[in-house]
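[1] Only the shape, not the letters, is given here:
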């Protein structure tokens, strides 16, 4: 597999407070990968830096072989990275259908692109709510919409920040099934979530960060075999 994302020596600070200290992370084309760690360790900051939402103090972010640190978020999105943000951030005054139509793009001219119709097949619940406004949806429906909104940009890399946070168990299962389906189709995915067992079943490799630095990286088999890592770095 070819390299998709390579982060080396990444440093990010909020004013005088530094959050990331020389972080390294890598994933390959077609992989599902995770970023793990306790709350406040820099996971979301890492994703925001990848997407151009936080300025990079030092280090490199290469996507498909091209340096993207310092690019504007819209340029990074057009290059093929889509973020499903923590908190979903659906537009309250747009309908489900308007969300999907507004974000649809097939810049890489896929023969079977993600379209609003395909999203409705993936999430039939959204098809039933297609005329509802964003603020008329449940939390689970908003998460489905946020994933669908990202998919219709037809990204090379789909990033999910807290993929199932605050969702009811049945809805969480539906989101995990969706991610497994996407992985089966070869979609590259980078996920933050707290359900380690589900992530082990989903992903190829995992990176754990502690106080803004990478402290462990390995495969699902390695993570599953060493519960000491869970207790040491994940509080499980």
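    Right, received. Where do you want to start? Given the structure is predicted, the values throughout are model-derived calculations rather than measurements.
[2] Can you tell me the centre-most residue of this protein?
    In the chain, the residue lying closest to the centroid (Cα atoms, centre = their mean) is residue 159, at 1.8 Å.
[3] Could you give the average pLDDT over the helix or strand harbouring that one?
    Residue 159 belongs to strand 157-161 when assigned by DSSP states H and E. For strand 157-161, mean pLDDT rounds to 97.
[4] Which residues outside it are in contact with it?
    Strand 157-161 is contacted by residues 4-5, 43-44, 47, 50-51, 63, 80-86, 147, 150-151, 179, 182, 187-193 when judged by Cβ atoms under 8 Å, 6 or more residues apart in numbering. To be clear about C-beta, it is placed using only N, CA and C from the backbone, and glycine gets the same treatment.
[5] In strands only, show me those.
    4, 5, 63, 81, 82, 83, 84, 188, 189, 190, 191, 192 (DSSP state E).
[6] For these, pick the one with the most neighbours.
    Among the ones in strands among the contacts of strand 157-161, residue 81 has the most neighbours (other Cβ atoms under 10 Å), with 28 neighbours.
[7] quick one, helices of the chain?
    For the chain, the helices defined by DSSP state H cover 43-50, 73-79, 96-103, 116-122, 124-128, 139-151, 169-184, 196-202, 220-225, 227-229.
[8] Of all the ones you listed, which one comes closest to residue 214?
    Closest of the helices of the chain to residue 214 is helix 43-50, at 9.9 Å (criterion: Cβ to Cβ).
[9] mind listing what the nearest residue to residue 18 once chain neighbours are set aside touches?
    Nearest non-adjacent residue to residue 18, counting by Cβ to Cβ, 6 or more residues apart in numbering: residue 11, 6.7 Å away. Contact analysis of residue 11 by Cβ under 8 Å, 6+ apart lists 18, 20, 21, 22, 23, 56, 57, 58, 59.
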